[in-house]
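Student: Sequence and predicted structure below; questions after.
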Amino acid sequence: MYWVRGLLVLGLLLLGGVLQAQPAEQPAAEPEAAPLQEVVVEGEHEGPRMWKVHKGDHTLWILGTIAPLPKKMVWQPDAVREVLHQTQEVIPAWPSYGIGANPITALRVYIEWRRLQKPPDHEPLQKALPAPLYARVNALKMRYAPRDDKIEQMRPMMAARELLTRVFDASGLALHNEVQQSVLDLARAQGVRVHQDKIKIEDPVDVLKDVGATPLDREVACLEAVVTLLETDVGTMQARARAWALGDVDALRKLPPTEDRTACIAAVSSSERVRALIARAQDNWLIATEDSLNRNRGTLAVQSMDRLLGEHGALATLRARGYAVEGP
């Protein structure tokens, strides 16, 4: 449902790993005067080769993704089509969410979601922010969205997402990419089962109220981290997007990694209910993939590079549990 997408938007970097944490003492960088060069990766590209995880004669293929990706890139899925011929099950990167079929609950959720769009005090963004931060926000706004007056009426977390979308678009990047959806469509077309756990949110109105009650200082910290990212790290994200499209995993490993703890995570996770939902979503993938690997001769899973790589990533966890892991 629309409200679920809206809720997850609030932690847009929370699950996708786009935002890199910045130390509080780091001096703010001024936006560059010269316009950003758009990342040019056009046409069809396969992306990186898949990892293979073995247990006896059972195989798990893992397609690693990143966000953002080049907006003009067309993903070429021939390798996935071939793997699907040897696969009995596909595991998406994240579970789906549901609130049940009660129309009264759906209406209450919609009303709460609409209320969440606006700052609690209905004051313009300028009054919610320290003057230096507002000046930085305004500089980005005037450069990338001079006619977008709605940013002024947004709460800080929403303004953060709006700025990301605008700057990414100008940089040739797409915040949302259809790679995983293409995998799921191909699986269904080939008759391969898609195993996507569905997490029912028992108290969706209260979850939205919890998000709406996020302390202002945490929202401001989230927005400041996004502003710093857009002032300093767009070039790195363009390089990561280009490396993914060209299948250059070595370059992805060498580029600065995204952190798994950010100001925006802290903001949206101030509620125990929201933290529990996030934890369930993060845990479900590894549980589902390991279960499918044990049950099926062939499994294909999708997951973000940020959650796969590194000493605490999913690939390291699978190795530690005794699985053989081969990769690009």
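Tutor: Happy to help now that I have it. Residues are numbered from 1 along each chain as shown.
Student: In stretch 148-160, which residues are buried?
Tutor: Buried residues in stretch 148-160, counted by 16 or more other C-beta atoms under 10 Å: 151, 154, 155, 156, 157, 158, 159, 160. The C-beta positions use only the backbone N, C-alpha and C, and glycine is treated the same way.
Student: chain center to it, what's the gap?
Tutor: The chain centroid and the centroid of stretch 148-160 are separated by 20 Å under C-alpha atoms, centre = their mean, to the nearest Å.
Student: Please apply the same query to stretch 142-159.
Tutor: Worked out by C-alpha atoms, centre = their mean, stretch 142-159 lies 21 Å from the chain centre.
Student: Same question for stretch 309-328.
Tutor: That offset, for stretch 309-328, works out to 21 Å (C-alpha atoms, centre = their mean).
Student: Would you work out how far apart the start and end of that stretch are?
Tutor: 12 Å (C-alpha to C-alpha, to the nearest Å).
Student: residues of it that come out buried?
Tutor: 309, 313, 314, 315, 318, 323, 325.
Student: Adjacent strands (with direction) for the host helix or strand of the last one?
Tutor: In other words, residue 325. In this structure, residue 325 sits in strand 324-326 according to DSSP states H and E. Sheet pairing for strand 324-326, assigned by DSSP bridges, gives strand 51-55 (antiparallel).
Student: which residues are contacting whichever helix or strand comes after the strand it pairs with?
Tutor: Moving toward the C-terminus from strand 51-55, the next helix or strand (DSSP H and E) is strand 58-65. Residues from elsewhere that reach strand 58-65 (C-beta atoms under 8 Å, 6 or more residues apart in numbering): 47-48, 50-54, 80, 83, 86-87, 93, 177, 179-180, 183, 244, 249, 289, 292-294, 296-305, 308-309, 314-315, 323.
Student: which sections of the stretch 101-250 of the chain are below the confidence cut-off?
Tutor: Where the stretch 101-250 of the chain drops to pLDDT under 70, the residues are 101, 176-177.
Student: where exactly do the strands run in it?
Tutor: Along the stretch 101-250 of the chain, counting by DSSP state E, counting those that start in this stretch, strands occupy 173-174, 193-194, 198-200.
Student: May I see those arranged in TSV, with mean neighbour count and distance to residue 232 as well?
Tutor: Converted to TSV, the strands of the stretch 101-250 of the chain look like this (neighbours: other C-beta atoms under 10 Å; distance: least, C-beta to C-beta, whole Å):
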stretch	mean neighbour count	distance to residue 232
strand 173-174	22	15
strand 193-194	14	39
strand 198-200	11	35
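Student: Could you work out the end-to-end span of stretch 148-164 for me?
Tutor: For stretch 148-164, the end-to-end distance is 13 Å (C-alpha to C-alpha).
Student: Would you mind pulling the contact partners of that stretch?
Tutor: 9-10, 12, 18, 116-120, 124-126, 128-129, 137, 140-141, 144-145, 166, 175, 214, 216, 219-220, 222-223, 226-227, 230, 264, 267-268.
Student: One more: stretch 285-295?
Tutor: Counting by C-beta under 8 Å, 6+ apart, 53, 55, 58-60, 62, 89, 91, 93-95, 195, 197, 299, 301, 303, 307, 314, 317-318, 321, 323 sit against stretch 285-295.
Student: Just put the strands of the stretch 101-250 of the chain in JSON lines and tack on distance to residue 68.
Tutor: Formatted as JSON lines, the strands of the stretch 101-250 of the chain follow (distance: least, C-beta to C-beta, whole Å):
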{"stretch": "strand 173-174", "distance to residue 68": "4"}
{"stretch": "strand 193-194", "distance to residue 68": "25"}
{"stretch": "strand 198-200", "distance to residue 68": "25"}
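Student: now the angle from the helix or strand hosting residue 290 to strand 51-55?
Tutor: Assigned by DSSP H and E, residue 290 falls within helix 272-295. Using axes from the mean of the first three to the mean of the last three C-alpha atoms, to 10 degrees, one finds that helix 272-295 and strand 51-55 are set 60 degrees apart in direction.
Student: before we move on, the earlier item: determine which two of the buried residues of stretch 309-328 are furthest apart.
Tutor: 309 and 323 (16.0 Å; C-beta to C-beta).
Student: one step back: which among the contacts of strand 58-65 end up buried?
Tutor: Buried subset of the contacts of strand 58-65 (neighbour count, 16+ other C-beta under 10 Å): 47-48, 50-51, 53, 80, 83, 87, 93, 177, 179-180, 183, 244, 249, 289, 292-293, 296, 298-305, 308-309, 314-315, 323.
Student: In helices, which of those residues appear?
Tutor: 80, 83, 179-180, 183, 244, 249, 289, 292-293, 305, 308, 314-315 (DSSP state H).
Student: What is the nearest of the residues you listed to residue 209?
Tutor: For those, the nearest to residue 209 is residue 180 (30.1 Å; C-beta to C-beta).
Student: ok, residue 56 to residue 140 distance?
Tutor: Look at residue 56 and residue 140: by C-beta to C-beta, to the nearest Å, they are 53 Å apart.
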